[in-house]
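Asker: Would you be able to build a 3D model of this:
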Amino acid sequence: MEKIQVRPGEGGVTAPTGFQAIGGSAGIKKNHTKDMALIYSVVPCVAAGTFTTNQVKAAPVRWDRNIVYNHPSAQLVVVNSGIANAATGKEGDEICRLTAEAAAETLGIPADSVLLGSTGVIGQQLPIDKMREGISRLAPLLSNSREAASSAEQAIMTTDTRPKEVCVTIKIGGTEVTIGGMCKGAGMIHPNMCTMLSFITTDCLISKKMLQKALSASVGATYNMISVDGDMSTNDTCLVLANGLAGNEEITETGEAYDLFAAALLEVNRTLAKMIAGDGEGASRLFEVKVIHAKDYDQARTLAKSVVESNLTKAAIFGRDANWGRILCAMGYSSAKFNVDTVDLYFQSSAGRIQITKGSVALDYSEDEATKILSEDAVTAVIDIKMGSAEATAWGCDLTYDYVKINADYRS
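Answerer: Okay, the predicted model is just below:
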């Protein structure tokens, strides 16, 4: 299979042919910073999506599920930050309808081809007048430029400290195909989708069925493998729009072309997921947990997630403390069965690699060397359980004092 070159921080949603974007202020945020983004395709797209499993689903999530599952195409995404439009009752649903109709009228497209995304404070109503005015003002500024993609990314950020964009180009049957993406997420992040909004565009010609298949297959190993704080959001949404303008032979079934596209989409989502985990609220480092030599993927996945979600382990990572007992403990209270007496644990980073335990017993390792390794911006715990050939990786971050400060002041 062709090598997939992922370019983090490049391209974004305007990289594929036929896509435009813009971000600006609609006056929703109190500080009047950018709070509305538009992503537009010059032709209708097939759309795929995955959404929060939280029983409390925000109004835009319900709107998008209906569009993705019941309508043949989509052409525009309208995203706002500052107010989540969650727990807003029938009025929240009505605001979705009115927003879509306003966008449809402005751009001359059907209202049922408009997808929506919201992020911010739960329980507040979105001001429809500001939504309408924002769409009217921003739509004429839509552009396929790199700067336009960047402005759209900035507009969807809440407590994010840095933008999250990626681009990948592959060749399918000799035809160049591009996938671009952007996302937001820093807090209320927990597996089974998280407070993350992810928007991916591609000029690949692919059927709606196969696009959904590729997206659904990638989510379990990417967004569902990250955790910042254990709180599952009401608004999680990942949308993919494919407009077919690359002109490749249409992907309608599994095979070499589908496998390459699916692998590229997986890399895009993995890159964005790791960006979210590394930018967790108050975080000072990305924490990766890799379980190897498991009997099957489910066992590896369960153990990795349990460790990356452990607040005690996350606090130890913040303190640069190789407190391996917390990792073993987190593995023990997961639902996965494993041989407690055969676990080898390693810490590694750009500063080196050190083995901490052999057969679940501490080695005579250097605490100073372990602290040095754990002081890097990204650290990995490698857990070898010696039961098979499967492996899985989860991503999170350390737990710092700033996490409490950020969330104590979130609404003020």
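
Asker: mind listing the strands for the stretch 101-250 of the chain?
Answerer: Along the stretch 101-250 of the chain, counting by DSSP state E, counting those that start in this stretch, strands occupy 114-121, 165-172, 175-184, 197-202, 237-242.

Asker: could those strands go into JSON lines alongside mean pLDDT, distance to residue 396 and mean neighbour count?
Answerer: Heads up, the C-betas are built off the backbone N, CA and C, glycines and all. Below are these laid out as JSON lines (pLDDT from 0 to 100; distance: least, CB to CB, whole Å; neighbours: other CB atoms under 10 Å):
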{"stretch": "strand 114-121", "mean pLDDT": "93", "distance to residue 396": "20", "mean neighbour count": "26"}
{"stretch": "strand 165-172", "mean pLDDT": "95", "distance to residue 396": "20", "mean neighbour count": "22"}
{"stretch": "strand 175-184", "mean pLDDT": "95", "distance to residue 396": "16", "mean neighbour count": "24"}
{"stretch": "strand 197-202", "mean pLDDT": "96", "distance to residue 396": "17", "mean neighbour count": "29"}
{"stretch": "strand 237-242", "mean pLDDT": "96", "distance to residue 396": "19", "mean neighbour count": "28"}
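
Asker: got the ones you listed as CSV, with distance to residue 38 columns?
Answerer: Shown next, in CSV, are the strands of the stretch 101-250 of the chain (distance: least, CB to CB, whole Å):
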stretch, distance to residue 38
strand 114-121, 10
strand 165-172, 16
strand 175-184, 12
strand 197-202, 11
strand 237-242, 13
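
Asker: closest to residue 82 out of those strands?
Answerer: strand 114-121 (4.3 Å; CB to CB).

Asker: Just the C-alphas of that closest one, formatted as PDB.
Answerer: Extracted as PDB, the C-alpha positions of strand 114-121 are listed here (Å, rounded to 0.1, in the frame of the first residue of the first chain):
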ATOM      1  CA  VAL A 114     -26.900  22.300   6.000                       C
ATOM      2  CA  LEU A 115     -25.100  20.600   8.800                       C
ATOM      3  CA  LEU A 116     -24.600  22.300  12.200                       C
ATOM      4  CA  GLY A 117     -22.100  22.200  15.100                       C
ATOM      5  CA  SER A 118     -22.100  24.000  18.400                       C
ATOM      6  CA  THR A 119     -19.700  24.000  21.400                       C
ATOM      7  CA  GLY A 120     -19.600  26.000  24.600                       C
ATOM      8  CA  VAL A 121     -21.800  26.400  27.700                       C
END
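
Asker: tell me what it is packed against?
Answerer: helix 59-70, strand 74-83, helix 89-107, strand 197-202, strand 237-242 (3 or more CB pairs under 8 Å, 6 or more residues apart in numbering; DSSP states H and E).

Asker: Could I get these in a markdown table, plus columns for distance to residue 49?
Answerer: Output for the helices and strands packed on strand 114-121, formatted as a markdown table (distance: least, CB to CB, whole Å):
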| stretch | distance to residue 49 |
| --- | --- |
| helix 59-70 | 4 |
| strand 74-83 | 9 |
| helix 89-107 | 15 |
| strand 197-202 | 10 |
| strand 237-242 | 5 |
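
Asker: For residue 47, find the nearest of the ones you listed.
Answerer: Closest to residue 47 of the helices and strands packed on strand 114-121 is strand 74-83 (CB to CB; 4.0 Å).

Asker: would you put the C-alpha positions of the closest one in PDB?
Answerer: Listed next in PDB are the C-alpha coordinates belonging to strand 74-83 (Å, rounded to 0.1, in the frame of the first residue of the first chain):
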ATOM      1  CA  ALA A  74     -24.800  17.900   2.300                       C
ATOM      2  CA  GLN A  75     -23.000  21.000   1.200                       C
ATOM      3  CA  LEU A  76     -22.400  23.400   4.100                       C
ATOM      4  CA  VAL A  77     -21.400  23.200   7.800                       C
ATOM      5  CA  VAL A  78     -22.200  26.000  10.200                       C
ATOM      6  CA  VAL A  79     -20.400  25.900  13.500                       C
ATOM      7  CA  ASN A  80     -20.600  28.200  16.500                       C
ATOM      8  CA  SER A  81     -18.600  28.300  19.700                       C
ATOM      9  CA  GLY A  82     -19.500  29.900  23.000                       C
ATOM     10  CA  ILE A  83     -23.000  28.300  23.400                       C
END
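
Asker: State the mean pLDDT of that strand.
Answerer: For strand 74-83, mean pLDDT rounds to 96.

Asker: Return the angle between stretch directions for that strand and strand 237-242.
Answerer: 150 degrees (axes from the mean of the first three to the mean of the last three CA atoms, to 10 degrees).

Asker: partner residues bridging residue 171?
Answerer: Here residue 171 sits in beta bridges with residue 176, going by DSSP bridges.

Asker: So it versus residue 67, what's the distance?
Answerer: Separation of residue 171 from residue 67 (CB to CB, to the nearest Å): 31 Å.

Asker: What of residue 353?
Answerer: Distance, residue 353 to residue 67, using CB to CB: 47 Å.

Asker: same question, residue 140
Answerer: Plainly put, residue 140 is 24 Å away from residue 67 if you go by CB to CB.

Asker: between those two, who's got more neighbours?
Answerer: Set residue 140 next to residue 67 and count neighbours by other CB atoms under 10 Å: residue 67 wins out with 21 against 9.

Asker: I figured that one was touching residue 47, is that so?
Answerer: Yes. Between residue 67 and residue 47 there is a contact at 7.0 Å, judged by CB atoms under 8 Å.

Asker: Need the residues touching each of those two.
Answerer: Contact with both residue 67 and residue 47 is made by residues 74, 115, according to CB atoms under 8 Å, 6 or more residues apart in numbering.

Asker: Residue 297 contacts residue 390, doesn't it?
Answerer: Yes. Judged on CB under 8 Å, residue 297 makes contact with residue 390 at a distance of 4.9 Å.

Asker: for the protein, what's the longest strand?
Answerer: Assignment by DSSP state E gives strand 36-51 as the longest strand of the chain.

Asker: re earlier: among the strands of the stretch 101-250 of the chain, which comes closest to residue 290?
Answerer: With CB to CB, the closest approach to residue 290 among these belongs to strand 165-172: 21.3 Å.

Asker: who does the closest one touch, helix- and strand-wise?
Answerer: Applying 3+ CB pairs under 8 Å, 6+ apart, we find strand 165-172 packed against strand 5-8, helix 146-155, strand 175-184, helix 256-278.

Asker: could I get the ones you listed as JSON lines with distance to residue 326?
Answerer: Below are the helices and strands packed on strand 165-172 laid out as JSON lines (distance: least, CB to CB, whole Å):
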{"stretch": "strand 5-8", "distance to residue 326": "30"}
{"stretch": "helix 146-155", "distance to residue 326": "35"}
{"stretch": "strand 175-184", "distance to residue 326": "29"}
{"stretch": "helix 256-278", "distance to residue 326": "19"}
